[in-house]
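1. got a predicted model here, sequence first, then my questions.
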Amino acid sequence: MKSKTTALILSIFLGGLGIDRFYLGHTGLGVLKLLTGGVFGILYIIDIIMIVTGKMTTKDGQKLA
């Protein structure tokens, strides 16, 4: 089970590099964010909002604890 707090911290500080997506198992989106700087900042902000609101899940569909 992945931690919501850890995912949020990773997203805030390293989200532009896709580290948060790698942590959650979304490797493809992690690589996309890494190569595009968080898709020019848009996906970076969306990911933070999704984690805070509880809508972000791991690759296998588990909610963050």
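-> It's in.

2. pLDDT-wise, which helix or strand of the chain ranks last?
-> The helix or strand of the chain with the lowest confidence, counting by mean pLDDT, DSSP states H and E, is helix 27-40 at a mean of 94.

3. who's in contact with the helix or strand just after that one?
-> Next in sequence after helix 27-40, counting helices and strands by DSSP states H and E, comes helix 42-53. Among residues not part of helix 42-53, those counted as contacts by Cβ atoms under 8 Å, 6 or more residues apart in numbering are 4, 7-8, 11-12, 15-16, 20-21, 29, 32-33, 37-38, 56, 64. C-betas here are computed from N, CA, C, even on glycine.

4. switch the cut-off to 7 Å
-> By Cβ atoms under 7 Å, 6 or more residues apart in numbering, the surrounding residues in contact with helix 42-53 are 4, 7, 8, 11, 12, 15, 16, 20, 33, 38, 56, 64.

5. before we move on, what SS does the third one have?
-> Read that as residue 8. On the three-state scheme (DSSP: H, G, I helix; E, B strand; the rest coil), residue 8 is labelled helix.

6. please name the residues that touch it.
-> Under the criterion of Cβ under 7 Å, 6+ apart, the contact partners of residue 8 comprise 51, 52.

7. and it, what's its pLDDT?
-> As predicted, residue 8 sits at a pLDDT of 98.

8. try the first one
-> Per-residue confidence at residue 4 stands at 97 (pLDDT).

9. burial measure for the residue nearest to it when sequence neighbours are not counted, as a count.
-> Taking Cβ to Cβ, 6 or more residues apart in numbering, and ignoring the residues beside it in sequence, residue 4 has residue 64 as its nearest neighbour in space, at 3.8 Å. Summarising burial for residue 64: neighbours were counted as other Cβ atoms under 10 Å, giving 19.
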